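A.B. asks: Model the structure of this input:
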Amino acid sequence: MKLTRKTAITFALATVVAATAACDSSPSTADDMSRIQVLITDSPDEYLSTAFVEISRVYLIPGEEDPEEGPPFVDLFNASDDGVEPLWVDLLTLQDGVVEDVTGEVELPAGRYRQLRMIVSRAEVTLNEEYEFADGGQTRDLVVPSGAQTGIKAMLDEPIDTEGGMVSVILLDFDVNENFVIQGDPNTPAGIQGVLFTPVLRELARNTNP
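C.D. replies: Prediction:
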């Protein structure tokens, strides 16, 4: 039986939480600390065969803090600080319940976090084989909006409230259809002129394990 996208994703999210709880042999989290993990998923696209994004940072902002004002922030993944390569992810491989673990499980102070942001430092798309850009090519590096300096703000259903000992898993939808807008019409002589990157992140599901 083929699972629906919603059912498959819900199953995948529940599996991650269950696996985390089952495999955690480390000492219990301190009363004032909790743990969080961020995943992303996507849906098919008519024109694109690949849609890569380079994720260099994921962070939380507590309370009413403004990312333009600087810290205090809580990094869940930061390639420059962690001394690792940014994540280079093809969003179109994340379908039918497949998810990408962006942060791993991260320990953080318990509290309320009103914003979750993701910095995308680069994006690249390739058209399906039956399409091409007006210049004859099929692959383009895209301009990343200036907002990438402070990150794409995830549209959360509600603030992230964490308590000591709690494990939270947040699943974000990085919808290619919404994030990569085709400019032009392949059915006209002008053809496809380009692709506009308009990054939007939406919370798709959330699960907690106290």
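
A.B. asks: Pick out the residue nearest the middle of the protein.
C.D. replies: Compute the mean C-alpha point of the chain, and by Cα atoms, centre = their mean the closest residue is Ile40, 4.2 Å away.

A.B. asks: Mind listing what's buried along stretch 158-167?
C.D. replies: Using 16 or more other Cβ atoms under 10 Å as the test for burial, stretch 158-167 gives 160, 162, 165-167. Backbone N, C-alpha and C define where each C-beta goes, glycine included.

A.B. asks: To clarify, my last question referred to stretch 104-122.
C.D. replies: For stretch 104-122, using 16+ other Cβ under 10 Å, the buried residues are 105-106, 108, 110-111, 113, 115-120, 122.

A.B. asks: mind showing which ranges of this protein have poor pLDDT?
C.D. replies: 1-31, 64-71, 146-148, 210 (pLDDT under 70).

A.B. asks: which residue ranges form the helices in it?
C.D. replies: With DSSP state H as the criterion, the chain has helices at 5-23, 79-82, 176-179.

A.B. asks: what's the span of stretch 152-170, first residue to last?
C.D. replies: Using Cα to Cα, to the nearest Å, the end-to-end distance of stretch 152-170 comes to 15 Å.

A.B. asks: What is the distance between it and the centre of its chain?
C.D. replies: Mean C-alpha position of stretch 152-170 versus that of the full chain (Cα atoms, centre = their mean, to the nearest Å) differs by 14 Å.

A.B. asks: Ok, stretch 176-185 next?
C.D. replies: 18 Å.
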